[in-house]
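**Q** test case, fold it:
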Amino acid sequence: MGLISNFVALLSVLLLLVSNSKAQSSGGVFDITKYGAKPNADVTAALASAWKEACASTTPSKVLIPKGSYGLSQSNLKGPCKSAIELQIEGTLQAPADPKGDGLLLLEYVDQLTVSGTGVLDGQGKAGWEKNDCHLKKECTKLPMNLKLNFVTNSIVKDITSLDSKNYHINLLGCKNLTFDHVTITAPGNSPNTDGIHVSSSEQINILNTNIATGDDCISVGDTNKQVVISDVTCGPGHGISIGSLGKYSKEKEVVGVTVKKCKLTDTTNGVRIKTWPDSAVAFPASDMHFEDIEMVNVSNPVIIDQEYCPWNQCNRKVPSKIKISNVSFKNIRGTSATPVAVKIVCSQSNPCEGVEVADIDLTYSGSEGPIKSQCANVKPVISGKQNPPICGEPAPAGGPSSD
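**A** Next up, the predicted model:
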């Protein structure tokens with residue numbers, strides 16, 4: 001009799017565990033509210049618990065953050081997971097005002113990840129912007145980002161919004177075959193170091209149909225990257241779409257294969273540009289970089305190669321950059337410039353640019369600082385099609401100021 005009662009008790013416990021599991025996961029959906037998350041409260045622990053169970057699932061799973069506003073401290077969601085996994089953000093995840101930690105949401109070592117939803121990552125950036133000191137020293141105070149993706153592969157981020165990050169909105173490190181589609185990024189035009197998407201040490205990255213308005217580069221492609229495609233992006237306000245800056249640190253490696261096409265920039269402080277540091281800490285090539293079908297609306301410095309990039313005079317301009325730029329094209333770039341110098345190509349004196357092609361440039365300037373013009377140094381571009389202004393019409397002045 002005792003044996004039967006023990007069996008019945010054990011069976012009851014097993015049924016309870018199964019019942020709880022089903023309550024928390026319905027059809028492979030792990031809703032954070034089933035793990036104790038409540039609106040207007042910190043959900044860091046609940047998100048971690050939901051992620052842990054979803055990541056352990058041997059069938060595709062989804063972690064759901066439903067509509068509502070939730071507090072989130074630094075949340076580090078790690079793989080590898082046992083199957084494809086989706087993080088669906090429908091609510092608002094709000095960072096603490098105090099700028100601590102690496103970021104609001106960190107995703108690492110995940111394959112077949114989907115980040116989706118109409119929700120918002122709210123970095124509450126103002127408290128961080130006030131502590132930004134990058135204009136004072138080369139090594140800035142470390143401030144948290146909204147979304148960090150480290151070693152994420154074969155994945156997509158779509159439809160979400162990043163708002164008022166304290167630092168970069170979205171940062172990629174060591175990612176491969178990762179696509180961004182219909183992402184929205186928003187911060188004031190005077191918010192420092194709020195790059196929209198920064199790409200580093202990654203390959204096969206696609207940034208598509210994305211709207212970015214921020215206080216720094218809308219997209220910055222840093223060092224050690226291969227095969228990056230940026231298409232149908234709107235940018236502004238911001239500092240434009242940049243490759244670089246390159247050569248600041250000794251562990252940097254080559255950049256190969258960046259395409260920027262069918263983009264529109266409005267009221268940005270730069271257009272499309274490549275920037276490398278003089279007196280660079282390392283030498284490597286940057287090649288196969290192409291900018292095509294770009295519309296400029298009141299953009300300062302619409303087309304730039306700047307191998308004397310030295311913001312806030314934090315380097316020795318007298319030592320030429322060791323980054324070798326080659327196989328670059330600017331094609332079908334049109335619209336209005338906010339500065340008289342519309343096309344500026346300043347290459348390294350010791351490593352002049354090679355294989356630069358400029359075709360079908362049609363830019364106008366209606367300001368009071370003289371006619372529109374193009375300045376060049378240490379480059380012999382191949383020129384074709386419409387040229388307004390005449391490309392390399394005058395030499396670039398030595399030691400000209402860098403645009404941030």
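**Q** distance of K78 from L104?
**A** Distance, K78 to L104, by CB to CB, to the nearest Å: 16 Å. The way it works is simple: take the backbone N, C-alpha and C, and place the C-beta from them, glycine included.
**Q** ok, now which ones touch I304?
**A** With contact taken as CB atoms under 8 Å, 6 or more residues apart in numbering, I304 is in contact with 270-275, 343-345, 403.
**Q** could you work out the most separated pair of the residues you listed?
**A** K275 and V343 (15.0 Å; CB to CB).
**Q** for D223, grab the count of nearby residues.
**A** The tally of other residues near D223 (other CB atoms under 10 Å) stands at 23.
**Q** next, it: phi, psi?
**A** Backbone torsions of D223, given as degrees, to the nearest 10, read phi -80, psi 170.
**Q** in terms of helices and strands, where is the nearest residue to L72 once chain neighbours are set aside?
**A** Excluding the flanking residues, the one nearest L72 by CB to CB, 6 or more residues apart in numbering is L93, at 4.4 Å. For L93, the host element (DSSP states H and E) is strand 92-94.
**Q** hmm, who's touching that strand?
**A** Here strand 92-94 makes contact (CB under 8 Å, 6+ apart) with 43, 65, 68-72, 104-105, 119-122, 124.
**Q** how about 6 Å then?
**A** Strand 92-94 is contacted from outside by 69-72, 120-122, using CB atoms under 6 Å, 6 or more residues apart in numbering.
**Q** got it, and stretch 119-131?
**A** With CB under 6 Å, 6+ apart as the test, stretch 119-131 has contacts from 89-95, 97, 99, 104, 141, 143, 146-147, 161-166, 191-192.
**Q** which ones are touching the residue nearest the centre of the chain?
**A** Central residue of the chain (CA atoms, centre = their mean): I197, 1.0 Å from the mean position. Counting by CB under 6 Å, 6+ apart, I197 touches 170, 207, 219.
**Q** ok, which stretches of the stretch 301-404 of the chain are strands?
**A** 303-306, 324-337, 341-346, 354-364, 373-377, 382-388, 394-395 (DSSP state E, counting those that start in this stretch).
**Q** so can I have a markdown table of those showing distance to V258 and mean pLDDT?
**A** Converted to a markdown table, these look like this (distance: least, CB to CB, whole Å; pLDDT from 0 to 100):
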| stretch | distance to V258 | mean pLDDT |
| --- | --- | --- |
| strand 303-306 | 13 | 98 |
| strand 324-337 | 10 | 98 |
| strand 341-346 | 17 | 98 |
| strand 354-364 | 14 | 98 |
| strand 373-377 | 21 | 97 |
| strand 382-388 | 19 | 98 |
| strand 394-395 | 27 | 96 |
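**Q** can you put those in TSV and add distance to K38?
**A** Listed next are these as TSV, based on distance: least, CB to CB, whole Å:
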stretch	distance to K38
strand 303-306	49
strand 324-337	49
strand 341-346	54
strand 354-364	54
strand 373-377	59
strand 382-388	60
strand 394-395	64
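**Q** what about the residue lying closest to K78 once chain neighbours are set aside, distance to L147?
**A** Of all residues not flanking K78 in the chain, E108 sits nearest, at 4.9 Å (CB to CB, 6+ apart). Using CB to CB, E108 is found at 12 Å from L147.
**Q** these two: who's more crowded?
**A** Taking other CB under 10 Å, E108 and L147 do not tie; L147 has more neighbours (25 against 16).
**Q** got a list of what the more buried one touches?
**A** For L147, the contact set (CB under 6 Å, 6+ apart) comprises 105, 121, 170.
**Q** would JSON lines of those residues with neighbour count and secondary structure be doable?
**A** Below are the contacts of L147 laid out as JSON lines (neighbours: other CB atoms under 10 Å; DSSP: H, G, I helix; E, B strand; the rest coil):
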{"residue": "L105", "neighbour count": "23", "secondary structure": "strand"}
{"residue": "L121", "neighbour count": "26", "secondary structure": "strand"}
{"residue": "I170", "neighbour count": "28", "secondary structure": "strand"}
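**Q** domain map for this protein?
**A** Annotated domains of the chain cover 27-132+142-214, 217-404 [automatic domain parsing].
**Q** how about L47, phi and psi?
**A** Phi and psi for L47, reported as degrees, to the nearest 10, are phi -60, psi -40.
**Q** how about G128?
**A** With angles defined as degrees, to the nearest 10, G128 sits at phi -80, psi -40.
**Q** which residues touch stretch 344-361?
**A** For stretch 344-361, using CB under 6 Å, 6+ apart, the contacting residues are 304-308, 320-321, 324-333, 375-379, 381-387, 391, 396.
**Q** PyMOL command to pick out the buried ones of the residues you listed?
**A** The PyMOL command for the buried members of the contacts of stretch 344-361 (criterion: 16 or more other CB atoms under 10 Å) is given here:
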select buried, resi 304+305+306+307+308+320+321+324+325+327+328+329+330+331+332+333+375+376+377+378+379+381+387+391+396
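**Q** so how far is A56 from the residue nearest to the centre of the chain?
**A** I197 sits 30 Å away from A56, going by CB to CB.
**Q** what stretches of the stretch 151-300 of the chain score poorly on pLDDT?
**A** For the stretch 151-300 of the chain, no stretch has pLDDT under 70.
**Q** parallel or antiparallel, list what pairs with the strand holding L93.
**A** In the sheet, strand 92-94 lines up against strand 69-71 (parallel), strand 120-122 (parallel) (DSSP bridges).
**Q** same list, the ones you listed, but as a markdown table with distance to V260 and mean pLDDT please.
**A** Formatted as a markdown table, the strands paired with strand 92-94 follow (distance: least, CB to CB, whole Å; pLDDT from 0 to 100):
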| stretch | distance to V260 | mean pLDDT |
| --- | --- | --- |
| strand 69-71 | 36 | 98 |
| strand 120-122 | 25 | 98 |
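**Q** where along the chain do the helices fall?
**A** In the chain, the segments counted as helices under DSSP state H are 2-24, 44-55, 126-129.
**Q** how far off centre is the shortest one?
**A** Meaning helix 126-129. 19 Å (CA atoms, centre = their mean, to the nearest Å).
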